[in-house]
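Enquirer: Would you be able to build a 3D model of this:
(chains A, B, C, D, E and F)
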6 protein chains.
Amino acid sequence: MAKIIGEELKNIPWQDKPKGYHLPVWRYDNNPIIDRHAISTSNSIFNSAVVPFKDGFAGVFRCDSLAVSMDLHAGFSNDGINWKIDEEIIDIECADSEIGKREYRYDPRVVKIDDKYYVSWCNGYHGPTIGLAYTDDFKKFTQLENAFLPHNRNGVLFPRKINGKYAMLSRPSDTGHTPFGDIFYSESPDLEYWGHHRHVMSTYKGDESAWQSTKIGPGPVPIETDEGWLIIYHGVLTSCNGFIYRVGCALLDIDEPYKVLHRTRFYIMAPEESYELTGDVPNVVFPCAALSDSKSGRIALYYGCADTVTGLAFTTVDELINWMKKYDMA
Amino acid sequence: MAKIIGEELKNIPWQDKPKGYHLPVWRYDNNPIIDRHAISTSNSIFNSAVVPFKDGFAGVFRCDSLAVSMDLHAGFSNDGINWKIDEEIIDIECADSEIGKREYRYDPRVVKIDDKYYVSWCNGYHGPTIGLAYTDDFKKFTQLENAFLPHNRNGVLFPRKINGKYAMLSRPSDTGHTPFGDIFYSESPDLEYWGHHRHVMSTYKGDESAWQSTKIGPGPVPIETDEGWLIIYHGVLTSCNGFIYRVGCALLDIDEPYKVLHRTRFYIMAPEESYELTGDVPNVVFPCAALSDSKSGRIALYYGCADTVTGLAFTTVDELINWMKKYDMA
Amino acid sequence: MAKIIGEELKNIPWQDKPKGYHLPVWRYDNNPIIDRHAISTSNSIFNSAVVPFKDGFAGVFRCDSLAVSMDLHAGFSNDGINWKIDEEIIDIECADSEIGKREYRYDPRVVKIDDKYYVSWCNGYHGPTIGLAYTDDFKKFTQLENAFLPHNRNGVLFPRKINGKYAMLSRPSDTGHTPFGDIFYSESPDLEYWGHHRHVMSTYKGDESAWQSTKIGPGPVPIETDEGWLIIYHGVLTSCNGFIYRVGCALLDIDEPYKVLHRTRFYIMAPEESYELTGDVPNVVFPCAALSDSKSGRIALYYGCADTVTGLAFTTVDELINWMKKYDMA
Amino acid sequence: MAKIIGEELKNIPWQDKPKGYHLPVWRYDNNPIIDRHAISTSNSIFNSAVVPFKDGFAGVFRCDSLAVSMDLHAGFSNDGINWKIDEEIIDIECADSEIGKREYRYDPRVVKIDDKYYVSWCNGYHGPTIGLAYTDDFKKFTQLENAFLPHNRNGVLFPRKINGKYAMLSRPSDTGHTPFGDIFYSESPDLEYWGHHRHVMSTYKGDESAWQSTKIGPGPVPIETDEGWLIIYHGVLTSCNGFIYRVGCALLDIDEPYKVLHRTRFYIMAPEESYELTGDVPNVVFPCAALSDSKSGRIALYYGCADTVTGLAFTTVDELINWMKKYDMA
Amino acid sequence: MAKIIGEELKNIPWQDKPKGYHLPVWRYDNNPIIDRHAISTSNSIFNSAVVPFKDGFAGVFRCDSLAVSMDLHAGFSNDGINWKIDEEIIDIECADSEIGKREYRYDPRVVKIDDKYYVSWCNGYHGPTIGLAYTDDFKKFTQLENAFLPHNRNGVLFPRKINGKYAMLSRPSDTGHTPFGDIFYSESPDLEYWGHHRHVMSTYKGDESAWQSTKIGPGPVPIETDEGWLIIYHGVLTSCNGFIYRVGCALLDIDEPYKVLHRTRFYIMAPEESYELTGDVPNVVFPCAALSDSKSGRIALYYGCADTVTGLAFTTVDELINWMKKYDMA
Amino acid sequence: MAKIIGEELKNIPWQDKPKGYHLPVWRYDNNPIIDRHAISTSNSIFNSAVVPFKDGFAGVFRCDSLAVSMDLHAGFSNDGINWKIDEEIIDIECADSEIGKREYRYDPRVVKIDDKYYVSWCNGYHGPTIGLAYTDDFKKFTQLENAFLPHNRNGVLFPRKINGKYAMLSRPSDTGHTPFGDIFYSESPDLEYWGHHRHVMSTYKGDESAWQSTKIGPGPVPIETDEGWLIIYHGVLTSCNGFIYRVGCALLDIDEPYKVLHRTRFYIMAPEESYELTGDVPNVVFPCAALSDSKSGRIALYYGCADTVTGLAFTTVDELINWMKKYDMA
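Expert: You can find the predicted model right below:
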């Protein structure tokens, strides 16, 4: 039995697995939990990030406006299911206006490291790259230097330093609807300068795991376990009618997280429900955040549905690790 | 309060805005009003045009056959909601067989100028261009010269001469699923020779109004108001899974309609209902006709849904002009 | 009245045509008959083939796994509607390991010729080509030589020799989501060497039958009638949001089956139901098998829905031949 | 023997055909006549137009600058071979600044109609279209309305009215390196409004005349003969390494110039010399102007070479018409 | 020392290797040997095949006409260097007009098997495939069935039966400028039916042999040696400005020629001379025929240059086999 | 008169500007200085870097092998014109085999900072990125961490620290023949971790400077002057037949080099000579290195020609700065 290393989270949202359900991840029965019009000016709310905060939860949400511009909004919840999202875009302070000038912002992740909450997102700076900011209260945010040169998406910080360095997973990209993408690992002594870039995982080009043949990218913040870092990631296949986004997971070495110990050949989740099959971008499930409880091993997974609404699903550390070992391709 | 200039239309189809609804256009609650099989040989009926006619309404409808060939059918209605569409394709007479020879016809608009009803449509003549015809009774139609050289789509006549000339909006295109497109204005002394072409509006390439970043094209016949010509148009964004067609509006100068006074940064309507999200072309709402009542300011909007069925929606001149001024990008 | 030449099939699945239904093919009212999770490791089950076998029915099914790898599974049914599909992939024996080595297998067809059941499918061998095997019992399968060089898909054997030769329809392709494709006819003295290739039908490039403008490919095994070989085939149109797969039929000369006697200008079936409009590949109906009863003229058609589930539909030889003659383009 | 209808031109540049040369067009033996650096700020000078003027010749030249911006310069010559090109860009006056505002200008043609010299060119106006201007002295130019909506290139006026109307050939295009293109005919009562558009010639999609399979476009001003309008046009084939531009000719009906009487299946000129095979765009010969002498039947052809320099070639009306009749595809 | 198995050819064209030349293939010093205008109606003559015939040599030549249509002409030579090519296209008789109907013909190979000369070429039949014919005298040719379904190019027969079967190498292709291509092997008992298809060699996707990364295809008829079948083939790399065709060689097993014994990592010839760097398709050397002398081991290689003219080069069996073993990738 | 800040270089290669030559950069009259076969296994030698070394010069050269694999070779010269290039690939030592493992290496730059020579190049590590190494003697090289995540090309170090940090220009790219590209600036405290990324210059999308409309990238190491950092860069335009690489220059602020003071609207050099117009990639001049003499202001520019050979050209700091100010677009 694998063990999550970290804090207990008694109030993690939860539903037991339906009897006879054969996949390792199951959906909340009242999905979607956030509607596309949850604020008054939104076209869609999806690909969003949540963390425990005070007695409840806080989050940073991707809200595409009625202009279909992409930006970040803060939100709060007592139970992790019912959310109140701020009508106003997050106002991020930045000492250097060259960096602070907004082009577009989307697909945030949030992680607590030591005493601060750090947000990473896809930030427009002459092309997509990884923006970084921190906050104490989800009201005031301070922006740091962009981590990389363009073009990059899906920058995800680890929840603690590794070998004394901050660590990040990301997916180098191109300027458009990138038709390729592997996962890489990078380090920083200070969240300002980045280096020691290492390749982690490639797409899989054969029929044996076709769902992840076009591109893969990191999803929620890695979960530390006694067997390694558990990551949940998206994989994309190109059908004759476009991209299909599904979800898999992998286990990375604790001290050298660019080494893959296990990796799912079978996906763990795929678009099946009407709110995943239809919407602005049909056939997308896209995980961006996970809550976990070290005591029970429970994991609550937040994911974007068809680039339109936000869904919630459940699993446990054992479900995922057993699945990985059973259908392993590492 | 803006005022529509034109005739009263007491029997305009109408439903009041649902309480708390936050967008300026709302759907008829029994949509779609025309099913894909409303005539015996149709694959789909959409992107169609209606006008007041005698005591009721008449229209020209795009009916794609079971061969998925595209052609025009006439139809009639007492209330603008329940339609009887002719089983037979409109037979258009043309003095010159070179022009009259049918390749394909689609996306009609209809407008009454003086005593005649004029139909414009996308007409196949060695590529798509703008066909023109007139009728008195929606039974006998007489075809005129094509307005332009190929390649063009979405030719929309103004409802009266401007500065003594007939006037038309259109969208120059290419031969296929055109990935670009601006709106232009052209004039004619006689509906036979066209010139004085003017650029009206471009797509918007930034994040601030991404829904109209790929192409835009004119929709219903412009509505004259005391503030300018009110036009409703479609805008397209390219997702990784194809085009998304949404709807916006703009206000053009009365005497120089190639000058834009106001234009929506936020869209006014987007695919949300299952009959808009799924069908032959998912994620399409495509407006082609509007009825308006000068007394009440009411507007009934007819639009194609997923290139499959026809929907009806409602708004008012004040809803649209207030929205434009509130979220303006002109 | 046309007559099917072949055996009676008293237990053919059947429902009468709904009153007033205007198309020649109608759906089973409890579709889909096979769910995407009918076996424990499947992402989807579709594009599959069935034949009468003993007192009931047997079939070969395309099951994409949770890795989205593509392979073939056998299945059995008493009534042709409720199916029990083997959890294990078919194990095909092959004398020559060069041919027998599996890359991927999909879109099977099954036909009984003399005393054996022959399976043809899209077989990965340095690109897609046509694999062939035979079985007596749907348990042990013996693989033959691939029929052609790459790249080919949709190889369909005729149910008897023609002029003393085995005969096959197929669709030459490219390596990817092929954007073209005609139907060809080939002969073999021995199922080992193939030649005498003849062109049968092209796509139709005009508006008059646009649904089959991108590519066409053979579907179920041809049905022999006293007027010629009745074939049911898929046709594809490219919309701005991808491919749309529909179904048509044609009548081929009995002795020279590369001569087309009749061919549908109007399709006979198109994606309309939610399980056809949404799924891994939206807007696909893809026929792969047909049961027929020579006494009643009844035909039961099995087809893939949205590359996700399996549907059943019904028609008769007269429905199809009348439709072809009424809307003929041969 | 065909006869050119028009003025004598005693001082037409000329060299006799080399003995034994088998093609109907032969090159000037001191080509190129205009170097890429003939003015101090030019990257290249090509695709340019000349006419008899006073005792010598005048012309409008496409000069791409060292910035590779595209514009028009006037030039003068005593013998049609040695040219003095103005260092300054032509300053075109225009009553309407909307039209007069320069985006880019290239590929001019010049023709004398009645007492004025008219210039047509590819004019940037929200995409390429046909610009028009007139001059008396090649110093002061007055710009007219653009003839068409975008997108069009290669607009070429006839040298006199036909049936009382101005007449123009052109090639509808797309916004980029257009991969298609047919020749069309349009009429105007006043050079301001254009209509009665007619299709003239298509590309040829078969192997029998592959050099003109991608696109074709009109070249010099049509030459009137007693057998019809003689036009010289460019044709393009797409090799795996890009476009190849070659030259052909056709004979159009005198009164209905959209009717093709003869057309070359064999080209009359192709890139062969090093200054045609290499340069900014390898493998281009592109004719834009022709001088002709009604007395001798001689024709001097000016053409762009590899989008870099300007060449001169010779032929006669009989050479071309005999070739057309011998290798005819009309 | 390797030994060619076959007849002596005393009059093989020959020049000794230039001193200090470091590549294993060297050019004839008076290249090109056949000009683009060697017949009166040709645009270009290249990619052609020659064999010993009577006291001299005969050949089948690809002549693209002035229409740039592609067809085959016979030619004769006393010394293999100076050629007389027939003005008329080869007239091929065919019993079945369906096959005999010409679409286009190009890239021939010629081989003597027993007492007949067989020609294989890329033959248009609803797409490119492999045409076959035989002749006794290079005057009368009799066409056989096409070997394969479309789409295929570069069909090359072996010079004798292997294991009692005729044998052919070929390259499956698509309908256009195919961006992929491996070499395959097929057998036939009678030159009418083909089967037992085997994969021989793939492109090489890594940097270690980038010149053959896009596609490879067989060139001249295989040369039998005591170490195996020596084949010379073309390899293609895609630069940002198009395809570059170079030449390599390989050694195949005598009895199972789909087994590769050696294969060049380094190319043996690449475009370097001006007649290879410029022409209709820049940067192409394309070998189609080789003469060999079993006594001296000399090989004379005929190759197309820039799809425009024909070149001659020399090597020996030892030069090639040593190079293969030194820079081997098999 | 601008002044170069740096060392004197008495033995800089030099030829005076030809009389009357109008462009600011002129070619060495015996170009190319390095042939494609300068070493025994090379297909081409180009895009290479040189620096003063001891009494003469040393360099790192891109040599594509006969396999067309891309790698780096050292070379030495007494006069900067006649070069002796090592037959062996540079052997770069690297403490971490993950980084040191070669995929491919190309387009090097070399710069002396303090006492060491640093090489930067395009390094294959799961896509192209910027490799870094240092050497004292051009024999032993030690590899550092890659500077960035993929995908990047043209990483060029500044010759001294700026504000206490190492500084680099680069061009973010995609995985293929990238059709876009701007120049960025990045800083590092230690050549190990990089950050503070700033945008420097964009392509120019208008006709006014079309030669740099597709992509731009830094060339030689920046030259310090009393007016700012002088950089020479390549710009690319996409013609219908592929990319054209030309050369421009700009002046950057001394302390904030991401601020552009001047920039050429007109290019300073373009492909004109046969060795630039033809070769493996026609129409390429690509500068990678510059020597400069602070006393005379002379600059010797090394550039790749058609991706095949290496050329040398000359200019002065005044020629470039005057040209920039005269044809400025900053």
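Enquirer: Find me whatever residue is spatially closest to the residue of the stretch 151-300 of chain A at minimum distance from chain E, sequence neighbours aside.
Expert: Per Cβ to the nearest Cβ, the residue of the stretch 151-300 of chain A with the smallest distance to chain E is A:Lys205, at 10.5 Å. Just so you know, the C-beta spots here come from the backbone N, C-alpha and C atoms, and that holds for glycine as well. Nearest non-adjacent residue to A:Lys205, counting by Cβ to Cβ, 6 or more residues apart in numbering or on different chains: A:Ser213, 5.9 Å away.
Enquirer: burial of the one you found, as a residue count?
Expert: 18 (other Cβ atoms under 10 Å in any protein chain shown).
Enquirer: same deal with A:Glu98?
Expert: As a burial measure, A:Glu98 scores 12 neighbours (other Cβ under 10 Å).
Enquirer: secondary structure class for it?
Expert: helix (DSSP: H, G, I helix; E, B strand; the rest coil).
Enquirer: Please look at it and F:His197 and confirm they touch.
Expert: No: counting by Cβ atoms under 8 Å, A:Glu98 stays clear of F:His197, with 9.9 Å between them.
Enquirer: Briefly note if the helix or strand bottoming out on mean pLDDT in chain A comes near chain B.
Expert: When each helix and strand of chain A is scored by mean pLDDT, DSSP states H and E, helix A:97-100 comes last, with a mean of 92. No: with Cβ under 8 Å from any Cβ of the partner chain as the criterion, chain B is not reached by helix A:97-100; the gap is at least 15.9 Å.
Enquirer: burial measure for the closest residue to A:Ser239 other than its chain neighbours, as a count.
Expert: Sequence neighbours aside, C:Val281 is the residue nearest to A:Ser239 in space, at 4.9 Å (criterion: Cβ to Cβ, 6+ apart). A count of nearby residues for C:Val281, using other Cβ under 10 Å, gives 24.
Enquirer: same check, this time on the one 4 residues further on
Expert: Burial measure for C:Val285: 25 neighbouring residues, criterion other Cβ under 10 Å.
Enquirer: repeat for A:Asn11
Expert: That count, for A:Asn11 with other Cβ under 10 Å as the rule, works out to 15.
Enquirer: which SS state does it fall under?
Expert: Strictly by three-state DSSP, A:Asn11 counts as coil.
Enquirer: show me the residues around it that make contact.
Expert: For A:Asn11, the contacting residues are A:Asp55, A:Gly56, A:Asp79, A:Gly80, by Cβ atoms under 8 Å, 6 or more residues apart in numbering or on different chains.
Enquirer: which stretch of helix or strand covers the residue nearest the centre of chain A?
Expert: Centroid check for chain A by Cα atoms, centre = their mean gives A:Cys288 as the closest residue, at 2.2 Å. Following DSSP states H and E, one finds A:Cys288 within strand A:285-292.
Enquirer: ok, the longest helix belonging to chain A near chain C or not?
Expert: For chain A, the longest helix by residue count, based on DSSP state H, is helix A:317-326. No: using Cβ under 8 Å from any Cβ, we find that helix A:317-326 stays clear of chain C, coming within 9.5 Å at best.
Enquirer: hmm, back to that, as TSV, the contacts of A:Asn11 with neighbour count would be great.
Expert: Output for the contacts of A:Asn11, formatted as TSV (neighbours: other Cβ atoms under 10 Å in any protein chain shown):
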residue	neighbour count
A:Asp55	7
A:Gly56	12
A:Asp79	11
A:Gly80	21
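Enquirer: D:Tyr267: which of the residues you listed is nearest?
Expert: For the contacts of A:Asn11, the minimum distance to D:Tyr267 (Cβ to Cβ) is 73.0 Å, reached by A:Gly80.
Enquirer: Who are the contact partners of the residue lying closest to the closest one once chain neighbours are set aside?
Expert: Leaving aside its sequence neighbours, A:Gly80 sits nearest to A:Pro13 (Cβ to Cβ, 6+ apart; 4.0 Å). Each residue near A:Pro13 by Cβ under 8 Å, 6+ apart is listed here: A:Tyr28, A:Asp79, A:Gly80, A:Ile81, A:Leu291, A:Ala300, A:Leu312, A:Phe314.
Enquirer: In strands, which of those fall?
Expert: A:Leu291, A:Ala300, A:Leu312, A:Phe314 (DSSP state E).
Enquirer: and the residue of chain A found nearest chain D, how many residues sit next to it?
Expert: Chain A approaches chain D most closely through A:Gly176 (16.8 Å), counting by Cβ to the nearest Cβ. Other residues lying near A:Gly176 total 12 when counted by other Cβ under 10 Å.
Enquirer: For the closest residue to chain B within the stretch 201-330 of chain A, name its beta-bridge partners.
Expert: Proximity to chain B, evaluated over the stretch 201-330 of chain A using Cβ to the nearest Cβ, is greatest for A:Gly242 at 3.4 Å. Per DSSP bridges, the residues bridged to A:Gly242 are A:Ser239.
Enquirer: give me every residue that touches the residue nearest to the centre of chain A.
Expert: Going by Cβ under 8 Å, 6+ apart, A:Cys288 touches A:Asn47, A:Ser48, A:Ala49, A:Asp107, A:Pro108, A:Arg109, A:Gly219, A:Pro220, A:Tyr302, A:Tyr303, A:Gly304.
Enquirer: Export those residues to JSON lines and append columns for secondary structure, distance to D:Leu66 and neighbour count.
Expert: Shown next, in JSON lines, are these (DSSP: H, G, I helix; E, B strand; the rest coil; distance: Cβ to Cβ, whole Å; neighbours: other Cβ atoms under 10 Å in any protein chain shown):
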{"residue": "A:Asn47", "secondary structure": "strand", "distance to D:Leu66": "47", "neighbour count": "29"}
{"residue": "A:Ser48", "secondary structure": "strand", "distance to D:Leu66": "51", "neighbour count": "28"}
{"residue": "A:Ala49", "secondary structure": "strand", "distance to D:Leu66": "51", "neighbour count": "26"}
{"residue": "A:Asp107", "secondary structure": "strand", "distance to D:Leu66": "44", "neighbour count": "25"}
{"residue": "A:Pro108", "secondary structure": "strand", "distance to D:Leu66": "47", "neighbour count": "26"}
{"residue": "A:Arg109", "secondary structure": "strand", "distance to D:Leu66": "49", "neighbour count": "27"}
{"residue": "A:Gly219", "secondary structure": "coil", "distance to D:Leu66": "51", "neighbour count": "27"}
{"residue": "A:Pro220", "secondary structure": "coil", "distance to D:Leu66": "54", "neighbour count": "26"}
{"residue": "A:Tyr302", "secondary structure": "strand", "distance to D:Leu66": "56", "neighbour count": "28"}
{"residue": "A:Tyr303", "secondary structure": "strand", "distance to D:Leu66": "54", "neighbour count": "30"}
{"residue": "A:Gly304", "secondary structure": "strand", "distance to D:Leu66": "50", "neighbour count": "28"}
